[in-house]
Every structure is written in structure tokens, then in C-alpha cells.
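*Asks:* Predicted model follows, preceded by the sequence.
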Amino acid sequence: MKKTLITLAVLAAATGVAQAQSSVVIYGTVDAGFVSERGGKAGSVNKLDSGVASASRLGFKGTEDLGSGLSALFVLESGFSVDTGAQDVGGTLFNRQAYVGLSSKTTGTLTLGRQYTPWYNTLSKVADPFAVGYAGSAKNLFPAGTTRTSNTVMYSSPNFNGFDADVAYSTANNGQESLVSSRIGRQIGASVGYANGPLNARLAYNTTSNDKQVGVTTTVAEAGSARNWLAAANYDFAVAKAYVAYGVNKGANSSLRNNGDLNAYNYTSAKTSDDSTTALIGATVPVGPAGTVMASVIHVNDKSGLNADANQFAVGYSYALSKRTSTYASYAKISNKNNAGYTVGNNSNVGSGDQAFNVGVRHSF
């Protein structure tokens, strides 16, 4: 009888393990390159840089099968600099992504924590042939401030015949979580897309509250919001993949520059616009079995009256040494008008001038 009970207990445990299958994966990217920058007040800048094509990172992700088509999931991801070994953001551990959630094959996925906004996912995955990396990164001219948000609840729908959608809500993204009003730092975003065969198209929206706390009181000064729309698409013609994107930016802080409004040039940069558009056309072209040429042109049209427009031309080349390792080279040039003040950076850094060349190697695991 005792042996029978033990056998049944072992079988029950084995059955439980089989029903609740789980996996944890360690992954990451190590990217370093030589960067040469020109045109800013810092003069000629030559340096070793980290995260040129893709940000260097170390991450953990896992899933657990809960049965009936439901699973639990998590992602924890930390950024670091290859050239120094330091964390991207001091005092943080998982500064890039940190979320947990539940996913259903029939009803979609709900995640909670720090994660990318639907707007940024549209820019990086659909709009930009450089995938927001290299010297040609679309982040050089498209608005900053909508990359990822903390305290976020996001819902992603299942795929319905090529259509899918994301909705995100986040509060207190300015380090003021203890404030009475959740409007301060609040961001709301959404996107809807269609991907089928060679076509991938998406429409995204993001709004950020500009409300502020008044002194040490609990009074909130209403200041409107920054509103960003982005329509993007790419189409694979086999011999080349074409990209197009168009963004509309309205309200204060809707056109924040990626360089944080620093005066990189020998002039005072123009104030950021509260009414602008950003347009991109680009392409990737496969060259041989392992090479890819990337190119794009981006135009910023400032409608605020300052006319602080800018244009960026960029070209790059990536060569896959294996499925996980590639080498690359890229060049970009920005023409600033009326002291627009944009700089040529890359995936991880904002740059110091109006042109940059970089060459490097990226390894993913």
C-alpha cells in the first residue's frame, strides 16, 4: 500500500510538470564600434562606442504553460556599455524592460511593468530601414520621449487574418509616483497594424500629459499634452524592401530632440516645436547571400513659426558573418535650418555633430 501511494505521488508530480511546462532563456546583444563625428562645437570626435547598431543588453525571459491556451510570461532586460562595462543608467538594474503578464491564444496578452510604447515599436519595427540603429537611426530626427514607459499596463490582441492592435496606459513616468494625481507623467498609446505577405503597415498614437505639480502642494497645474501620430509601412519587393513613414506632432514637448536640447553647435539651438511633421522614405537591398544595404532620407517640417527644419541623409551596410554575428558600416549627414540643432547619433548615443561615420561588430546570443 505504501509503495502504491509513493508511485501515485511520483506520477502526479510528473503529470504536473508535464502540464505546467516552463522555460527561461538568457539572451543578449554585445555591440561595439568605432565612431567618428564632425560638425559640432566639440570639433572632430573619434571614439569607441557601445550599442551603435543595437543597444548592448543582457536579458532574461520566460514562459510557463498554465493549460487551456493560457501562459505566464516575463522579461527582465538590462542595458550596459561594452566600452566601459558600466550600466546604461546608474542605480537601476533592469532599465530597458521589466514586465510580467499573461498570454492567451484566443484573447491576447496583458503585461505590466516597464516596456516599449506602441509608437516606438512602430518606428523601430515598421518605419525605419536602420531599425533605429547605426548612424542613420530615425531617432536622430523623430521625436524623443516615447521610447519606453514605466508603470505600464499593455494589452496586445491576437492576430486576426493579419490584423492586430496594442493599447498601453502608464502613469507617473517622471519619477513622481507618490503624487496624488496620476495625470502627471501619464502616457497613453495605441497602434493597429496589418501584416500579410510582403506588406507590413501600422498606425500608432501616443499622448503624454504635460501637467505639473505646483510647489509642495497637491495642486496640479494643467498644461495640455504632447500628441504624436505615426503612420508607417514597408513592402518587400524581394529585390528591395521599401519603407515610408509620416509623423504628426502637436503640443508642447511633442517634438523633443533626441539629444535632449543640448547646444551641440556654436549657436543657441532653436526651441523645440509644438507643431511639426516628420517624413521618411528608405529602403534595404540584399547584396549577395549575407549583405544588406540600408538607406533613408528624413525631413522635419517645423510649423511653429521658427521654421527650424532639418534633413537627414543616411546610408549603411551590414554583413552577416553568421546567424548571430554581423559587421557593419554607416554614414549620416544632417542639414539643420534656422538653428534646428539636431545631431547624428546611433542606437544608444545622441552624437555631437551634424555628421557621423561608424564601423563595428554586433553579436547576439
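*Replies:* Structure received. Because the structure is a prediction, the values reported are computed rather than measured.

*Asks:* Now do the same for the closest residue to Gly40 other than its chain neighbours: its pLDDT.
*Replies:* Closest residue to Gly40 apart from its sequence neighbours, by Cβ to Cβ, 6 or more residues apart in numbering: Gly353 at 3.3 Å. (Each C-beta comes from the backbone N, C-alpha and C, glycine too.) pLDDT recorded at Gly353 is 98.

*Asks:* going forward, begin numbering at 112 instead of 1
*Replies:* Done: numbering now begins at 112, and the last item shifts to Gly464.

*Asks:* Which residues are in contact with Gly464?
*Replies:* 148-151, 153, 156, 375-376, 454-455 (Cβ atoms under 8 Å, 6 or more residues apart in numbering).

*Asks:* Check Ala381 too.
*Replies:* Ala381 touches 413, 417, 419, 449-452, counting by Cβ under 8 Å, 6+ apart.

*Asks:* picking that back up, ok, the residue nearest to Gly151 to Glu148 distance?
*Replies:* 5 Å (Cβ to Cβ, to the nearest Å).

*Asks:* Need the residues touching each of those two.
*Replies:* Common neighbours of Gly464 and Glu148 (Cβ under 8 Å, 6+ apart) are 156, 455.

*Asks:* Could you count how many residues lie near the closest residue to Lys152 other than its chain neighbours?
*Replies:* Spatial nearest neighbour of Lys152, chain neighbours left out: Asn377 (4.7 Å); criterion: Cβ to Cβ, 6+ apart. Neighbour count of Asn377, defined by other Cβ atoms under 10 Å: 7.

*Asks:* what about Lys216, neighbour count?
*Replies:* Neighbour tally, Lys216, other Cβ under 10 Å: 11.

*Asks:* While we're on it, how confident is the model there?
*Replies:* In this model, Lys216 carries a pLDDT of 93.

*Asks:* Note down every partner strand of the biggest strand by length in the chain and its orientation.
*Replies:* Ranked by residue count under DSSP state E, the longest strand found in the chain is strand 133-151. Strand pairing for strand 133-151, using DSSP bridges, gives strand 154-161 (antiparallel), strand 168-178 (antiparallel), strand 466-475 (antiparallel).

*Asks:* buried stuff in the second one?
*Replies:* Burial within strand 168-178, assessed by neighbour count using 16 or more other Cβ atoms under 10 Å, is assigned to 168-170, 177.

*Asks:* helices or strands up against the helix or strand following that strand?
*Replies:* Remark: after strand 168-178, the chain's next helix or strand is strand 181-190, criterion DSSP states H and E. Taking 3 or more Cβ pairs under 8 Å, 6 or more residues apart in numbering; DSSP states H and E as contact, the helices and strands that strand 181-190 lies on are strand 168-178, strand 208-215, strand 219-227.

*Asks:* gap between Ser189 and Gly139?
*Replies:* 9 Å.

*Asks:* and what of Tyr305?
*Replies:* Counting by Cβ to Cβ - Tyr305 and Gly139 are separated by 32 Å.

*Asks:* any idea which helix or strand comes after whichever strand or helix holds Ser387?
*Replies:* Using DSSP H and E, Ser387 maps to strand 386-398. Using DSSP H and E, the helix or strand that follows strand 386-398 towards the C-terminus is strand 402-413.

*Asks:* what about the helices in the stretch 262-411 of the chain?
*Replies:* Using DSSP state H, counting those that start in this stretch, no helices are assigned anywhere in the stretch 262-411 of the chain.

*Asks:* Could you tell me which ranges of it sit under the pLDDT cut-off?
*Replies:* 283-293, 326-333 (pLDDT under 70).

*Asks:* For it, just list every one of the strands.
*Replies:* 274-281, 298-307, 310-320, 323-324, 331-332, 336-347, 352-361, 386-398, 402-413 (DSSP state E, counting those that start in this stretch).

*Asks:* Which of those sits closest to Val193?
*Replies:* strand 402-413 (22.1 Å; Cβ to Cβ).

*Asks:* which other helices and strands contact the closest one?
*Replies:* Strand 402-413 packs on strand 386-398, strand 421-431, going by 3+ Cβ pairs under 8 Å, 6+ apart.

*Asks:* for those strands, which one ends up most surrounded?
*Replies:* Counting by mean count of other Cβ atoms under 10 Å, strand 421-431 has the highest mean neighbour count of the helices and strands packed on strand 402-413, with a mean of 20.
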